[in-house]
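Engineer: generate a structure from the sequence data that follows.
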Amino acid sequence: MSTKSISNSKNLTIVVIGASGDLSLKKIFPAFYTLFQQKLMPENFHIVGFARTNMSDEAFRERIKNFLPENSTSTIEDFLKRCYYCQGNYSEIQDYAKMGDLIQQLEAGNLSSKIYYLAIPPFLFLTVSDALAHSDLIHAQEEKGIWTRVVVEKPFGKDRESSDELTAGLQKVFREEQVYRIDHYLAKEVIQNLMVIRFANLILEPLWNRQYIQNVRISWMEDIGIEGRGGYFDEYGIIRDVMQNHLLQILALVAMEQPIQLKADYIRDEKVKVLRCIPPVSLSQLVVGQYGPGVMQCKKCEVKNGYRDEEGVPKDSITPTYAAVALFVKNRRWDGVPFLIRAGKGLSKRTTEIKIQFGEVPGNIFIETAPQLTPNELLIQVQPNAMIALRIVNKVPGLSLALGESDLDLSYESAFESRIPEAYELLLLDVIRGDKSLFIRSDELESAWDIFSPVLLELEKKRIQPVVYPFGSDGPYTADLLASKYGTAW
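Structural biologist: Numbers count the residues shown, from 1 in each chain. The predicted model follows:
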């Protein structure tokens, strides 16, 4: 949909449930403000915040203002005057009726399309959706261009069974096409570029298969701990929090076939096909770790607590803060190629990257000077710096024939003058547009849980102890052993 058609769309009311929380204040409201600043919001829109905290419209606006990027005062004020607040309990029907009265006042007789953003813990999703339905707040007149959509944040359940229950509960209130399951990693610029790299460049397609690629390694590393989220994190752990969603989505984009068209359902069809080709993980394919006390090496060395010493974490917790796994896509293109995935907190650096290692060069004619040629490698870095680099072997300048490695690299910051949008800006714009390309479909979610649910249940049933690694290290030594088992290193 074009920018013009967004501006000319019907009235829009955005309801942020959980509006006083960190996610709303740090991500959602700044994203809507940036879209407003760029004139990408409908002309007639309002935002209603709903949460348990007691405050006035003025106090709510002041709280939002503290998190908005610095800009002209008039633009900020124009945005804030469209923001309203309703205090209420998430399970009380009468509080939703009060919010409904506020929405009717703002609509002033002109029925608006609705976005309900559930910026709340997952255990409240069904409580809130049922309350919205019982309060007659979910209605649409599709033939008149008036619609209702709901946005839900991960995690979508804890395993296949709980995910299915959540999906079934939401579908009692919303149709599948109304549900937008957010995975913000899918909206990061470099991740979006994966399909362009693959399907807009002829040079890569003939090599993108088991004949030429030895392995694919996907890493998500953070140099911080759980940052006061002990209660939440100990319930879910790194596999549910990062690996089952963010990293499986990246894998699917790397491994999928070209979609028939660049449309949401065609793209998601291909991702589902890939996920269904991955057998469930066994314990022999998996390494789990948990950070212990350590010293963070930086300008000022700082002693960090171990995970079990964090607030809200039981002293006998077996929740992994690190996991590494070898996955296999059992289809014609990828059979036998290991996809090595790791995610961890409390590590030596912060990075998210994809490394695609190509095969060895046959018939090495440079054997006298280079007995072993380093395989080519394509690096796609998502953070901290968005970049793409291709590692090749070159002649080192000089009078002798010496070979060395060098990178052909593209840094987004230096190559493009345009601003790289925040992930939530693009995702929220797509919700308004009705474009679901970057959102997760229910069958996609089912396939992802089928890969990890059995091993998660086994880990918990057998109370398998994670390998302890020092905070600020590269993770447990067993992860290196896993990579070496498949002839590579992280």
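
Engineer: the residue nearest the centre of the chain: what secondary structure?
Structural biologist: The centroid of the chain falls nearest to Tyr185 when counting by Cα atoms, centre = their mean (3.1 Å). Classification of Tyr185 by DSSP: H, G, I helix; E, B strand; the rest coil places it in helix.

Engineer: so Leu262 is in which element?
Structural biologist: For Leu262, there is no enclosing helix or strand under DSSP states H and E.

Engineer: picking up where we left off before, residues touching the nearest residue to the residue nearest to the centre of the chain once chain neighbours are set aside, list them.
Structural biologist: Once flanking residues are discounted, Tyr185 sits nearest to His246: 4.3 Å by Cβ to Cβ, 6 or more residues apart in numbering. The C-beta positions use only the backbone N, C-alpha and C, and glycine is treated the same way. With contact set as Cβ atoms under 8 Å, 6 or more residues apart in numbering, His246 has these partners: 183, 185, 220, 343.

Engineer: and of these, the nearest to Asn54?
Structural biologist: Asp183 (33.0 Å; Cβ to Cβ).

Engineer: Asp409: neighbour count?
Structural biologist: Burial measure for Asp409: 14 neighbouring residues, criterion other Cβ atoms under 10 Å.

Engineer: show me what it is bridged to.
Structural biologist: Ala389 (DSSP bridges).

Engineer: surely it is in contact with Ile388?
Structural biologist: Yes. If you go by Cβ atoms under 8 Å, Asp409 and Ile388 touch, sitting 6.9 Å apart.

Engineer: helix, strand or coil for Leu111?
Structural biologist: coil.

Engineer: could you chop this structure up by domain?
Structural biologist: For the chain, the structural domains run 3-153, 186-418+440-485, going by automatic domain parsing.

Engineer: Lys172: which of the ones you listed is closest?
Structural biologist: Closest approach to Lys172 among those (Cβ to Cβ): domain 3-153, 7.7 Å.

Engineer: ends of stretch 73-89, how far apart?
Structural biologist: 33 Å (Cα to Cα, to the nearest Å).

Engineer: list the buried residues for it?
Structural biologist: 76, 79-80, 82-88 (16 or more other Cβ atoms under 10 Å).

Engineer: for the longest helix along the chain, what is the average pLDDT?
Structural biologist: When the chain is parsed with DSSP state H, its longest helix is helix 442-461. Helix 442-461 comes out with an average pLDDT of 96.

Engineer: tell me the first helix or strand C-terminal of it.
Structural biologist: Once the chain leaves helix 442-461, the next helix or strand it forms, by DSSP H and E, is strand 467-470.

Engineer: any low-confidence regions in the stretch 1-150 of the chain?
Structural biologist: Scanning the stretch 1-150 of the chain for pLDDT under 70 picks out 1-9, 71-72, 140, 143.

Engineer: then the stretch 151-300 of the chain?
Structural biologist: Within the stretch 151-300 of the chain, the stretches with pLDDT under 70 are 297-300.

Engineer: also the stretch 301-450 of the chain?
Structural biologist: For the stretch 301-450 of the chain, the stretches with pLDDT under 70 are 399, 410, 412-420.

Engineer: where do the helices sit along it?
Structural biologist: Remark: helices assigned in the stretch 301-450 of the chain by DSSP state H, counting those that start in this stretch are 412-415, 423-433, 442-461.

Engineer: list the contacts of the residue nearest to Ser24 when sequence neighbours are not counted.
Structural biologist: In this structure, Ser24 finds its nearest non-sequential neighbour in Ala119, 4.7 Å apart by Cβ to Cβ, 6+ apart. Ala119 sits next to 16-19, 21, 23-24, 28, 153 when contact means Cβ under 8 Å, 6+ apart.

Engineer: repeat that for Pro121.
Structural biologist: By Cβ under 8 Å, 6+ apart, the contact set of Pro121 is Tyr232.

Engineer: any idea how far it is from Ile17?
Structural biologist: 11 Å (Cβ to Cβ, to the nearest Å).

Engineer: related to what we said a few turns ago, got CSV for the contacts of Ala119, with neighbour count and distance to Gly289 too?
Structural biologist: As requested, the contacts of Ala119 are exported to CSV (neighbours: other Cβ atoms under 10 Å; distance: Cβ to Cβ, whole Å):
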residue, neighbour count, distance to Gly289
Val16, 27, 36
Ile17, 28, 36
Gly18, 22, 32
Ala19, 30, 37
Gly21, 16, 30
Leu23, 16, 27
Ser24, 22, 32
Ile28, 26, 33
Glu153, 20, 26
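
Engineer: what about those residues, which are in helices?
Structural biologist: Under the assignment DSSP H, the contacts of Ala119 contribute Leu23 to helices.

Engineer: show me where the stretch 1-150 of the chain has strands.
Structural biologist: Applying DSSP state E, counting those that start in this stretch to the stretch 1-150 of the chain gives strands spanning 12-17, 45-51, 83-87, 113-118, 148-153.

Engineer: adding distance to Glu270, write these out as JSON lines.
Structural biologist: Shown next, in JSON lines, are the strands of the stretch 1-150 of the chain (distance: least, Cβ to Cβ, whole Å):
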{"stretch": "strand 12-17", "distance to Glu270": "31"}
{"stretch": "strand 45-51", "distance to Glu270": "34"}
{"stretch": "strand 83-87", "distance to Glu270": "39"}
{"stretch": "strand 113-118", "distance to Glu270": "27"}
{"stretch": "strand 148-153", "distance to Glu270": "23"}
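
Engineer: out of these, which is closest to Arg268?
Structural biologist: strand 148-153 (16.4 Å).

Engineer: helices and strands around the closest one, which ones?
Structural biologist: Applying 3 or more Cβ pairs under 8 Å, 6 or more residues apart in numbering; DSSP states H and E, we find strand 148-153 packed against strand 113-118, strand 179-182, helix 423-433.

Engineer: switch to 10 Å and redo it
Structural biologist: Under the contact criterion of 3 or more Cβ pairs under 10 Å, 6 or more residues apart in numbering; DSSP states H and E, strand 148-153 touches strand 12-17, strand 113-118, helix 125-134, helix 160-171, strand 179-182, helix 423-433.

Engineer: pull out the buried positions in the fourth one.
Structural biologist: Within helix 160-171, the residues that qualify as buried are 160, 162-163, 166-167, 170, counting by 16+ other Cβ under 10 Å.

Engineer: the closest residue to Gln244 other than its chain neighbours: how many residues sit nearby?
Structural biologist: Nearest residue to Gln244 in three dimensions, chain neighbours excluded: Phe452, at 4.9 Å (Cβ to Cβ, 6+ apart). By the criterion of other Cβ under 10 Å, Phe452 has 25 neighbours.

Engineer: can you tell me how far Phe452 is from Pro155?
Structural biologist: Phe452 is 12 Å from Pro155, by Cβ to Cβ.

Engineer: next one: Asn193
Structural biologist: Per Cβ to Cβ, Asn193 is found 26 Å from Pro155.

Engineer: show the contacting residues for the closest residue to Asp435 other than its chain neighbours.
Structural biologist: What sits nearest to Asp435 in space, not counting adjacent residues and going by Cβ to Cβ, 6+ apart, is Ala264, at 6.2 Å. By Cβ atoms under 10 Å, 6 or more residues apart in numbering, the contact list for Ala264 reads 177, 430, 434-439, 441.

Engineer: one more time with 8 Å, if that's ok
Structural biologist: Contacts of Ala264 by Cβ under 8 Å, 6+ apart are 435-437, 439.
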